[in-house]
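In: What follows is a protein structure lacking sequence information:
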């Protein structure tokens, strides 16, 4: 893999940094992936870190619900620990 230096306006760089962060990628990886897509090349099948984290979070949140509410409120510490 070769390194390439590019120049761009500060405003564009700021937007690219934000988009790369949203995708969980470095600016370099983000730009390389964009170029590969525009040339019709396959981008690595590995999901971005952010995508993987979002999928894991969705799995946790969609899991079974706990029935701990009592009369529409959470139990007190004494109620939780009663035997």
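Out: Ah, there it is. Note that the structure is predicted; figures quoted are calculated from it, not measured.
In: Could you check which helix or strand contains residue 78?
Out: Using DSSP states H and E, residue 78 sits in helix 77-81.
In: which other residues reach that helix?
Out: residue 70 (CB atoms under 8 Å, 6 or more residues apart in numbering). Every residue, glycine included, has its C-beta placed from N, CA and C.
In: Please state the mean pLDDT value computed over it.
Out: The average of the pLDDT scores along helix 77-81 is 86.
In: now swap in stretch 39-49 and tell me
Out: 66.
In: just stretch 12-21 next, same as before
Out: Here the average pLDDT along stretch 12-21 is 93.
In: Which positions in that stretch come out as buried?
Out: Neighbour counts using 16 or more other CB atoms under 10 Å place residue 20 of stretch 12-21 among the buried residues.
In: Tell me which residue is most central in the protein.
Out: Geometric centre of the chain, nearest residue: residue 50, 2.1 Å, by CA atoms, centre = their mean.
In: how close does that one sit to residue 25?
Out: Applying CB to CB, to the nearest Å, the value for residue 50 to residue 25 is 8 Å.
In: Which strands and helices lie in contact with the helix or strand containing residue 12?
Out: Here residue 12, judged by DSSP H and E, is contained in helix 10-23. Judged by 3 or more CB pairs under 8 Å, 6 or more residues apart in numbering; DSSP states H and E, helix 10-23 is in contact with helix 27-38.
In: any idea of the angle the helix it packs on forms with helix 10-23?
Out: 90 degrees (axes from the mean of the first three to the mean of the last three CA atoms, to 10 degrees).
In: Name the residues that touch the helix or strand just after helix 27-38?
Out: Past helix 27-38, heading to the C-terminal end, the next element that is a helix or strand (DSSP H and E) is helix 49-61. Helix 49-61 has contacts (CB under 8 Å, 6+ apart) with 22, 23, 24, 25, 47.
In: swap the cut-off to 6 Å and go again
Out: residue 24 (CB atoms under 6 Å, 6 or more residues apart in numbering).
In: Give me the buried stretch members for it, please.
Out: For helix 49-61, it's none, nothing buried (16+ other CB under 10 Å).
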